[in-house]
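S.K.: Have a look at this prediction, sequence included:
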Amino acid sequence: MPARILIIEDNPDNLELMGFLLRAHGHFVLDAPDGETGVALARSEGPDLILCDIQLPRLDGYGVIRHLKSDAAWRRSPVVAVTAFAMVGDREKMLTAGFDGYLSKPIAPQTFARDIDAFLPPQLRAGAPGAAPGNP
Ligand code: MN
């Protein structure tokens, strides 16, 4: 069974690459170009996992995580920061803010889908039985 993954990312090139890699591994991908749209889509669509940029228009990644983690329905759903921020202390700051994990940009195309699998329950991982390779 593929996972439904929401990508909140304002850079079209990053969005296209991440979406391509996840779809190629059988996942269903939703996307939002800014934080407000991302929070709204998270609430209306209920994805299995959210990948979230930090520097975003309208509402940044810290605003997104604050909204989602204050919502009882979202407290247990994984939200992973995907960002180029790599300063000492940034990782701790993100985890303290409520993100469940952190992946640094630029993403590694060879391992990205496997890195994402670590945040999904076993039955939703790319290699799980019944996972369809490359849904549209
Ligand atoms: Mn950005």
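M.R.: Everything's here; your move.

S.K.: Now do the strands in the chain.
M.R.: 4-8, 28-32, 49-52, 79-83, 101-104 (DSSP state E).

S.K.: Go through the ones you listed and name the closest to the ion.
M.R.: strand 79-83 (7.6 Å; C-beta to the ion). Heads up, the C-betas are built off the backbone N, CA and C, glycines and all.

S.K.: would TSV of the strands of the chain with mean pLDDT and mean neighbour count be doable?
M.R.: Formatted as TSV, the strands of the chain follow (pLDDT from 0 to 100; neighbours: other C-beta atoms under 10 Å):
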stretch	mean pLDDT	mean neighbour count
strand 4-8	97	23
strand 28-32	97	19
strand 49-52	97	26
strand 79-83	94	23
strand 101-104	91	17
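
S.K.: Make CSV out of these and add distance to R114.
M.R.: CSV is the format used below for these (distance: least, C-beta to C-beta, whole Å):
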stretch, distance to R114
strand 4-8, 14
strand 28-32, 17
strand 49-52, 14
strand 79-83, 14
strand 101-104, 11
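
S.K.: what's near enough to touch L22?
M.R.: Shown in contact with L22 (C-beta atoms under 8 Å, 6 or more residues apart in numbering): 5, 7, 29, 112-113, 116.

S.K.: Can you tell me which residues in this protein are near the ion?
M.R.: Contacts of the chain with the ion, taken as C-beta under 5 Å from the ion, map to 10, 53, 55.

S.K.: Now for the last one, how many residues are close by?
M.R.: A count of neighbours around Q55, defined by other C-beta atoms under 10 Å, yields 13.

S.K.: Closest to V80 out of the residues of the chain next to the ion?
M.R.: The nearest member of the residues of the chain next to the ion to V80, counting by C-beta to C-beta, is D53 at 10.6 Å.

S.K.: which residue packs closest to that closest one, ignoring adjacent ones?
M.R.: E9 (4.6 Å; C-beta to C-beta, 6 or more residues apart in numbering).
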